[in-house]
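Novice: what follows is a predicted protein model with its sequence.
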Amino acid sequence: MNALAFAWRSLVRQPARAVLGVLGVAAVGALLLDMLLLSEGLVSSMRDLLDHSGFDLRITATDSRPGAGPRIEAAARAAAEIAALPSVRSAVALRFVDARVERADGTIIEAALQGVSEGPARPLTVLRGREIQQPGDVLVNETLARDAGLAPGSPLVLRAACTSDAEILPRITVTVSGTAEFPFETPGESIVAGSLGTLDEACGQSGAGEADLVLVASQGDAAAAAAAIQAARPDLHTVTNDELIGQFQASGFTYFRQIGAVLTTVTVTFALLLITVLLTVSVNQRLGQIAALRALGLSRRRVVSDVFFESVLIVGIGGALSLPLGILLARWLDGILKRMPGIPVDMHFFVFDPAALAMHALLLAVTALAAALYPMQLVARLPIVTTLRNEVVS
Amino acid sequence: MSAHAGDIIVQAAGVSRVFRMPAGPVTAVDDVTLQIAAREHMAIRGPSGCGKSTLLHILGCVDTPTSGTLRFGGRDVSRLPDAERSLLRLRSVGFVFQRFFLLPMLTAAENVELPQAEAGVARRERQRRSRELLEFVGLGRRADHRPSQLSGGEMQRVAIARALANRPGLLLADEPTGELDGATGEQIAQLLDRVNADGTALVIVTHDEALAGRARRILSMRDGRIDRETRR
């Protein structure tokens, strides 16, 4: 019987201890997995969102966030100029303002109004109806379509607030050409998207031709495209998706990583203590048997490996159970965290990542080894004669 | 180990064992010289604390003498490293303990197989040998029973079978009937006689006069020394 089979029998012999250990590791392992997913999840999710929008560069007038700083003037022309660069596939200018959509019964729905310049690709996906084709066409998201009872072809009455919330501009009537999905849409948010011209009309020509942001899709090399854009338009601020993620990592998202690191350390320490205690108690209960086996000629290495494999089995089985448990827990926690305001529908706090899984396995493996060190040392240094004598005397 | 009557298995020359205790050194075995021949049937007796078990552990290479020389099969093993002493015990020495020390999670047969597995005996061969030994100790039909399903006497029989698993030339038994009632103790004594009759040298440490009286050679110890030797 090899050491692994022997360790298995030892565990089965003491089912309560084994189950306690395995469940403890499963619970701790699930938390560990979630902490690892959380530490990179938001960044990873943000990267996915940025990448899936189809654009890998963002251009603003300054390094301020879009909407927080000055806008890009003559944005449609700037977008066209950038789109003409060899390293750029497409470019589209965007302007964001607030709007109030008036329903047929006179009630108001607060909405975000996006103006989008012409271009082969836009940061939205049409779900029903058709793209914006002519002045006065708008796309709405499904939330607004549902809440305002809109369908392709429906008229839509809105008032924009382009400079301040208190601003009252004349209402305009546009036509819903279809419904669309927007990459950074948040739950319950209402969105209307039309051409830049439609937005300028809604704003009473205030800031006409300006945009908060130009989205650029490169030909595949975002850095080269960024360099070309900077050379062509040194007055504009260009940032790639990777740079944007880097900024997120260096600022707000570090809190999640720090929390993840602290909780990971706590959970690993807890697992370590749990397994060490269980194995130490188990070894202390069997000192006489172990001393007898040593007297019969079983090597020190053999009895030490029995203890090690017990730890491996507890951590291995508990670790395997921790995966489905951790994923279920992550989904539940993700649902809770996503209820925070302003979180896009497609953004997640816990994102499955093979690297996190590998780290989870590595940390558990290290835990199994470290937890077994003390009980292994007990067994390795067991004085055979004294132990046999003590067992008889006791 | 195969041996003929008269071959010397163990030679102890001036062996002493001193334990360093907080209150001062305690000499458990003091300048003992003896030889154990193949097929020998020896008993060591004496009052508690006289050094019987310590001497047994030294003879079985579980413990090392503080001074003196111990030869096993002609080889000086007094200062062997732990791994080599383990191997020597595995191949050449069997131990029977007062408290049996069977592994509760293994069946009787698996307990007997364990030292063979450590010695690298093939699975089929060790299974055959285990059945054979359990038949020998009268437990052929209890091979698949766990220790918790056996009586004290049956457990000691399994422990004897386990001690014989690797065909040792020397079997050491420390109070083998100490936990058993008189009738069961007698059965174990008879079994040990059979083991010896089959060619295994037997050294028993015991308080039991009747058990000691079955040996052909009896050493009486006092204060770590052999103060009398009787041969029959």
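Specialist: That came through fine. Residues are numbered from 1 along each chain as shown, chains lettered A, B, ... in the order given.

Novice: strands of the stretch 101-250 of chain A, residue ranges please.
Specialist: A:108-116, A:125-129, A:137-141, A:155-161, A:172-181, A:191-195, A:213-218, A:237-240 (DSSP state E, counting those that start in this stretch).

Novice: tell me which of these sits nearest to chain B.
Specialist: Shortest distance between chain B and the strands of the stretch 101-250 of chain A, using Cβ to the nearest Cβ, is found for strand A:172-181: 59.5 Å. To be clear about C-beta, it is placed using only N, CA and C from the backbone, and glycine gets the same treatment.

Novice: if we can go back for a sec, let me have the strands of the stretch 101-250 of chain A in CSV, extended by mean neighbour count.
Specialist: Compiled in CSV, those are given as follows (neighbours: other Cβ atoms under 10 Å in any protein chain shown):
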stretch, mean neighbour count
strand A:108-116, 21
strand A:125-129, 15
strand A:137-141, 26
strand A:155-161, 19
strand A:172-181, 19
strand A:191-195, 25
strand A:213-218, 25
strand A:237-240, 18
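
Novice: adding distance to A:Asp48 and mean pLDDT, write the ones you listed out as TSV.
Specialist: Converted to TSV, the strands of the stretch 101-250 of chain A look like this (distance: least, Cβ to Cβ, whole Å; pLDDT from 0 to 100):
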stretch	distance to A:Asp48	mean pLDDT
strand A:108-116	21	91
strand A:125-129	15	91
strand A:137-141	20	93
strand A:155-161	31	90
strand A:172-181	15	93
strand A:191-195	20	93
strand A:213-218	16	92
strand A:237-240	16	92
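
Novice: mind putting those strands in CSV, distance to chain B included?
Specialist: Shown next, in CSV, are those (distance: least, Cβ to the nearest Cβ, whole Å):
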stretch, distance to chain B
strand A:108-116, 67
strand A:125-129, 61
strand A:137-141, 63
strand A:155-161, 75
strand A:172-181, 60
strand A:191-195, 65
strand A:213-218, 65
strand A:237-240, 61
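
Novice: reformat these as TSV; add distance to A:Thr265.
Specialist: Converted to TSV, the strands of the stretch 101-250 of chain A look like this (distance: least, Cβ to Cβ, whole Å):
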stretch	distance to A:Thr265
strand A:108-116	41
strand A:125-129	42
strand A:137-141	42
strand A:155-161	48
strand A:172-181	40
strand A:191-195	42
strand A:213-218	40
strand A:237-240	33
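
Novice: any idea how far the helix or strand hosting A:Met46 is from the chain center?
Specialist: Assigned by DSSP states H and E, A:Met46 falls within helix A:15-52. Helix A:15-52 sits 13 Å away from the centroid of its parent chain (Cα atoms, centre = their mean, to the nearest Å).

Novice: got any ranges where chain B has weak pLDDT?
Specialist: Along chain B, the model assigns pLDDT under 70 to residues B:1-6.

Novice: then the stretch 201-350 of chain A?
Specialist: A:252-253.

Novice: can you name the residue of it nearest chain B?
Specialist: A:Gly297 (2.6 Å).

Novice: using the three-state scheme, assign the closest residue to that residue other than its chain neighbours.
Specialist: Closest residue to A:Gly297 apart from its sequence neighbours, by Cβ to Cβ, 6 or more residues apart in numbering or on different chains: B:Leu90 at 2.6 Å. Classification of B:Leu90 using DSSP: H, G, I helix; E, B strand; the rest coil returns helix.

Novice: how close does the residue of chain B found nearest chain A get to A:Asn390?
Specialist: Proximity to chain A, evaluated over chain B using Cβ to the nearest Cβ, is greatest for B:Leu90 at 2.6 Å. Distance of B:Leu90 to A:Asn390, computed by Cβ to Cβ, to the nearest Å: 23 Å.

Novice: just want to know which of those two has more residues nearby.
Specialist: B:Leu90 (21 against 13; other Cβ atoms under 10 Å in any protein chain shown).

Novice: residues contacting the more buried one?
Specialist: A:296-299, B:115, B:118-119, B:166 (Cβ atoms under 8 Å, 6 or more residues apart in numbering or on different chains).

Novice: show me which pair in the residues you listed is furthest apart.
Specialist: A:Ser299 and B:Asn166 (13.7 Å; Cβ to Cβ).

Novice: any weak-confidence spans in the stretch 1-150 of chain A?
Specialist: Ranges of the stretch 1-150 of chain A meeting pLDDT under 70: none found.

Novice: neighbours around whichever residue of the stretch 1-150 of chain A sits closest to chain B, how many?
Specialist: Residue of the stretch 1-150 of chain A nearest chain B, by Cβ to the nearest Cβ: A:Arg13 (3.5 Å). Using other Cβ under 10 Å, A:Arg13 has 17 neighbouring residues.

Novice: ok, it - contacts?
Specialist: B:104-105.

Novice: spatially, what comes nearest to B:Arg85 if we skip its sequence neighbours?
Specialist: B:Arg85 sits nearest to B:Cys61 (Cβ to Cβ, 6+ apart), 4.7 Å away.

Novice: swap in A:Leu57?
Specialist: Using Cβ to Cβ, 6+ apart, the nearest residue to A:Leu57 is A:Val216, at 3.9 Å.

Novice: ok, the contacts of B:Leu90 vs A:Gly24, which is closest?
Specialist: For these, the nearest to A:Gly24 is A:Leu298 (29.4 Å; Cβ to Cβ).

Novice: doesn't B:Glu118 make contact with the closest one?
Specialist: Yes: taking Cβ atoms under 8 Å as the definition, A:Leu298 is a contact partner of B:Glu118 at 5.1 Å.

Novice: burial of A:Trp332, as a residue count?
Specialist: 12.

Novice: so where does it fall, helix or strand?
Specialist: Applying DSSP H and E as the criterion places A:Trp332 in helix A:300-337.

Novice: is it correct that B:Gln11 falls within a strand?
Specialist: Yes: the assignment for B:Gln11 is a strand, going by three-state DSSP.

Novice: which residues touch it?
Specialist: B:34-36, B:69-71, B:74.

Novice: would you write a ChimeraX line that selects the buried entries of the residues you listed?
Specialist: A single ChimeraX command is used to select the members of those judged buried by 16 or more other Cβ atoms under 10 Å in any protein chain shown:
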select /B:34,36,70,71
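
Novice: now the residue nearest to A:Leu57: how far from A:Ala76?
Specialist: Taken as Cβ to Cβ, the span from A:Val216 to A:Ala76 is 14 Å.

Novice: can you count the residues close to the residue lying closest to B:Ala143 once chain neighbours are set aside?
Specialist: Spatial nearest neighbour of B:Ala143, excluding adjacent residues (Cβ to Cβ, 6+ apart): B:Ala109 at 4.1 Å. B:Ala109 has 22 neighbours, counted by other Cβ under 10 Å.

Novice: for the helix holding A:Met46, packing partners?
Specialist: helix A:3-13, helix A:241-250, helix A:254-285, helix A:300-337, helix A:354-380 (3 or more Cβ pairs under 8 Å, 6 or more residues apart in numbering or on different chains; DSSP states H and E).
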